[in-house]
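# Show me how the following folds:
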Amino acid sequence: MGRSLKKGPYVDEKLLKKIEQLDVDQRKEPIRTWARRSTIAPEFIGHTFLVTTGELTSAST
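Residues are numbered from 1 along each chain as shown. Got it, this is the predicted structure:
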């Protein structure tokens with residue numbers, strides 16, 4: 001089910017802070033996250049995420 005347009009996209013605050021810190025430091029390393037509900041924001045483009053599904057960790061770029 002999609003999220004209501006009036007609520008806007010959901011982006012996990014901790015995940016956004018990690019991305020901002022990597023951009024400031026100009027590092028390219030995978031980010032491990034459990035925040036599977038987060039919407040992919042434009043700031044996330046170009047970063048690699050290791051998403052935990054409970055049993056596995058899968059990479060998505």
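# what's the residue closest to the geometric middle of the protein?
When Cα atoms, centre = their mean is applied to the chain, the residue found nearest the centroid is L15 (5.4 Å).
# Specify the local secondary structure of that one.
Judged by DSSP: H, G, I helix; E, B strand; the rest coil, the three-state class of L15 is helix.
# and A59, that one's in a helix?
No. Read with three-state DSSP, A59 is strand and lies in no helix.
# Any idea what it is bridged to?
Note on A59: beta-bridge partners by DSSP bridges are L50.
# Please list all residues in contact with it.
Taking Cβ atoms under 8 Å, 6 or more residues apart in numbering, we find A59 in contact with P30, T48, F49, L50, V51. Backbone N, C-alpha and C define where each C-beta goes, glycine included.
# Check what pLDDT the closest residue to the residue nearest to the centre of the chain other than its chain neighbours gets.
Leaving aside its sequence neighbours, L15 sits nearest to A35 (Cβ to Cβ, 6 or more residues apart in numbering; 5.1 Å). The per-residue pLDDT reported for A35 equals 84.
# ok, A35 - how many residues close by?
Neighbour count of A35, defined by other Cβ atoms under 10 Å: 16.
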